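K.L.:
Structure of the sequence below:
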Amino acid sequence: QLQLMESGGGLVQPGGSLTLSCTVSRFDGDDYAIGWFRQAPGKEREAVSCINADDGRTWYRDSMEGRLTISRDSAKKTVYLQMNSLSAEDSAVYYCAARRGALMTVWWLYDFWGQGTQVTVSS
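P.N.:
This is a model prediction of the structure:
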């Protein structure tokens with residue numbers, strides 16, 4: 001069983017930045033792709049960014065590309081999501097999730113989930 005824990009959420013002003021962290025209980029030889037997803041009240045869960053386990057390939061949500069950087073540090077068993085130029089529309093609970101194999105951009109293909117971290121963008 002894989003366990004994930006997010007951190008780094010909070011309140012940020014419009015135009016500000018946040019870096020979210022996802023710590024994984026184990027990285028089985030880097031077998032797991034990691035995805036970041038978000039869900040705002042009354043909206044569906046949507047993919048934000050994902051990173052492959054083996055080749056490091058990344059994916060970013062089109063509407064957010066240019067404002068995001070995803071990275072992984074296997075030694076620390078942590079995946080980071082840096083978000084810049086945040087706006088109120090980015091307010092949501094952000095989740096990280098893991099799946100064995102290649103990254104996918106749909107949430108229902110991920111097997112293991114963290115509890116989520118709240119991101120609120122407001123002045």
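
K.L.:
can you map out the strands along the chain?
P.N.:
Using DSSP state E, the strands of the chain run over 4-7, 10-12, 18-24, 32-39, 46-51, 58-60, 68-73, 78-83, 92-100, 112-113, 117-121.

K.L.:
For V106, find the nearest of those.
P.N.:
Nearest of the strands of the chain to V106, taken as Cβ to Cβ: strand 46-51 at 6.8 Å. Every residue, glycine included, has its C-beta placed from N, CA and C.

K.L.:
most packed of the strands of the chain?
P.N.:
With neighbours defined as mean count of other Cβ atoms under 10 Å, these peak in mean count at strand 32-39, which reaches a mean of 24.

K.L.:
Quick one: distance of it to the chain centre.
P.N.:
On the basis of Cα atoms, centre = their mean, to the nearest Å, strand 32-39 is displaced by 5 Å from the centre of the chain it belongs to.

K.L.:
Also stretch 60-79?
P.N.:
Taking the mean of its C-alpha atoms, stretch 60-79 sits 7 Å from the chain's own mean (Cα atoms, centre = their mean).

K.L.:
before we move on, what about stretch 16-26?
P.N.:
Between the centre of stretch 16-26 and the centre of its chain there are 7 Å (Cα atoms, centre = their mean).

K.L.:
where are the low-confidence patches of the protein?
P.N.:
Applying pLDDT under 70 to the chain flags the ranges 27-30.
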